[in-house]
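[1] here's a sequence, model it:
(chains A and B)
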Amino acid sequence: MLELKNVNTHYGQIQALHDVSIKVNRGEIVTLIGANGAGKTTLMMTVCGDPKASSGDILFEGESIRQMPTSLIMRKGLAVVPEGRRIFSGLTVAENLHMGAYFSDKAAYEAQLDHVLGLFPRLKERYNQRGGTMSGGEQQMLSIGRALMSHPRLLLLDEPSLGLAPIIIQQIFEIIERLRDEGVTIFLVEQNANQALKIADRGYVLENGRVVMSDTGEALLTHDAVRKAYLGG
Amino acid sequence: MRGSLYNAVFAAGITLVLACLMLGVRLGAEGTTLTVYGAGADRWEWILAGVGLVFLSQLFSTQLGRLSSRIPRPDLGTLKPQEATWKAIKPWLLAALVVGLLVWPFMVSRGAVDLATLTLIYIMLGLGLNIVVGLAGLLDLGYVAFYAVGAYTYALLSEYFGFSFWACLPIAALLAAAFGFILGFPVLRLRGDYLAIVTLGFGEMIRILLNNWTSITGGPNGISGIEKPTLFGLEFSRRASEGTQTFHEFFGIEYSSGQKVIFLYLIAVLLVIVVIYLINRLMRMPIGRAWEALREDEIACRSLGLNRTVIKLSAFTLGASTAGFAGCFFAARQGFISPESFIFIESAIILAIVVLGGMGSQIGVILAAIVMTVLPELAREFSDYRMLMFGLLMVVMMRWRPEGLVPMKRPHLELK
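    Presented below is the predicted three-dimensional model:
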């Protein structure tokens, strides 16, 4: 579904990604773990086209999206939940969700709205409230809900557990699994390696801009080096 | 206490320096040379009294703040009737307002109608800039450039090609929009302060261009004798020019110069209603929400597949075309334009209207435009102190309604 082939990304002179190759198959949850500054967010942003990969190729459903402008990539059927939620805090929940479906027609919008509100009943309670007045967990739900409004086939999540209480993280991960069961392919970038690997079908480990390991989620979870580096021994 | 003492000494010091420079010394001509005079003793007393006042008010600022917070503030929210009744009476209120606006000029003096027309021009400008600054959050300090483009479009087309006002109205709007587009393309990559600086420069460029392109625009002499608008070809003058008819002849009524003023006022009312209607519709459309979303979070907007250049450009272009509209009417009303009318202060006043009214709020902008044009007229005797009064108004606003007269309404949570 999504394939990165030997992708290199630079910020000016500094190279952030070195020959990264990653494959995400349809219907999978694929997790990318790594320490701070390993290039996880850069990888995600490179898929979205900002910054652009300086070499290699990025294929989405067989089509190269490496040279496309960000706004076009985001209309292709993949959606991203950006790091730090980034909801529109001055707009209401309803308006936030509507922004997510900016390019869909009315019928598709209403159907998807029902679906998203079904997934996140909390958003229904807060429907006419400003986004910025909600708790962190609710904001994260809104951010995921907003990304889902465009009816994506592939969902990219950048650290959805950032700054949330463990119980909320639990809920968010349950929702992610549920989305997978509904047929949405998930590409998850996480620091919270333990939980992210538990739900993952496959996982990649990123270190200093290079993929150093890839295996099934289970295997990585029990792998000695991974345990030492990311799971606290 | 110690902090406020520092504050008080500092503020008093600044007041003293500023007052000495502005009030304490005076330049006078003595023969062919200039000499500096010191102020008289009575003026020094005033200056010292002012410094003392600043010192004391800063020293006791917390106590004063507590006192002033006890003064009840007008709660505008309670003035508004219940949602249901409001919905029922809203169309009637609007209709009454429109009828009132149309009937009113026949009952008051010519000067008042003239002032109302000017106010309406500023309302149009305020509404246009409100899209750019209030909704899309792009600080534009050269807005007056588009106003100038609109005005000169009509003036030049009418002077050289004999175009009528009504034909020029859409042309002026389109041309101003085109200028907005051309400026917007390179400039909208910039943000915040940098955008403000470039737009400021653009405003000056247009003014200086108009000032120096003497062969076409007449330079600082401006263009005079611009034709007034006509009503389906009927002129509002005492005698008809060749091949036309005048309004008073056609209807067989007595000629009066007031007819023209009222006619211009009615055109302005019409234009303002059209502008309000269009902008209102735009704000309800997805593009209106996209402007707000872009102001809130650019990265999130991009993650949703929105093209920020297109959205910013649309706001910029629409704002510019509104200014072009207003400019065209301004030229027709004034009959004479020169680059003098499009200096930076105009941009500043329009921006002040938007900020004073509450960014993004249409009603607020309209109210602020009325305040900013009518107040200086009413306080004509104090015209020397105009800037002082503006300053005072700003301070009072910051203290009492920092979000503007009528902050933009956003639905919020209702507890039951």
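[2] most centrally placed residue in the chain?
    In the absence of a named chain, chain A is used. residue A:157 (1.4 Å; Cα atoms, centre = their mean).
[3] that's the wrong chain, I meant chain B
    Closest residue to the average C-alpha location of chain B: residue B:350 at 2.7 Å, with Cα atoms, centre = their mean.
[4] so where do the helices sit in chain A?
    Applying DSSP state H to chain A gives helices spanning A:40-48, A:70-73, A:93-100, A:106-119, A:121-125, A:136-148, A:166-181, A:193-199, A:217-222, A:224-230.
[5] which neighbouring elements make contact with the fifth one?
    Under the contact criterion of 3 or more Cβ pairs under 8 Å, 6 or more residues apart in numbering or on different chains; DSSP states H and E, helix A:121-125 touches helix A:106-119, helix A:136-148. Quick note: C-beta positions are derived from backbone N, CA and C, even for glycine.
[6] in chain A, which ranges drop under the pLDDT threshold?
    A:233 (pLDDT under 70).
[7] who in it is up against chain B?
    Within reach of chain B by Cβ under 8 Å from any Cβ of the partner chain, chain A has these residues: A:48, A:50, A:69-75, A:79-82, A:86-92, A:95, A:98-100, A:102-103, A:126, A:128-130, A:133, A:146-147, A:150.
[8] change it to 7 Å
    Proximity of chain A to chain B (Cβ under 7 Å from any Cβ of the partner chain) is limited to residues A:48, A:70-71, A:74-75, A:80, A:82, A:86-92, A:95, A:98-100, A:102-103, A:128-130, A:150.
[9] out of those residues, which are buried?
    Neighbour counting over the residues of chain A next to chain B (16 or more other Cβ atoms under 10 Å in any protein chain shown) leaves A:48, A:70-71, A:74-75, A:80, A:82, A:86-88, A:90-92, A:95, A:98-100, A:102-103, A:129-130, A:150 as the buried ones.
[10] what about the closest residue to chain A within the stretch 201-350 of chain B, how many residues nearby?
    Residue of the stretch 201-350 of chain B nearest chain A, by Cβ to the nearest Cβ: residue B:305 (3.3 Å). Per other Cβ atoms under 10 Å in any protein chain shown, the neighbour tally for residue B:305 reads 21.
[11] nearest residue to it other than its sequence neighbours?
    residue A:74 (3.3 Å; Cβ to Cβ, 6 or more residues apart in numbering or on different chains).
[12] distance of residue B:46 relative to residue B:89?
    According to Cβ to Cβ, to the nearest Å, residue B:46 stands 52 Å off from residue B:89.
[13] now swap in residue B:159 and tell me
    48 Å.
[14] which residues are in contact with the closest residue to chain B within chain A?
    Proximity to chain B, evaluated over chain A using Cβ to the nearest Cβ, is greatest for residue A:74 at 3.3 Å. Listed by Cβ atoms under 7 Å, 6 or more residues apart in numbering or on different chains, the contact set of residue A:74 reads A:48, B:303, B:304, B:305.
[15] swap the cut-off to 10 Å and go again
    A:48-49, A:68, A:80, A:102-103, A:147, A:150, A:152, B:301-307 (Cβ atoms under 10 Å, 6 or more residues apart in numbering or on different chains).
[16] point out the ones among the residues you listed that are inside strands.
    Judged by DSSP state E, strands contain the following of the contacts of residue A:74: residue A:80.
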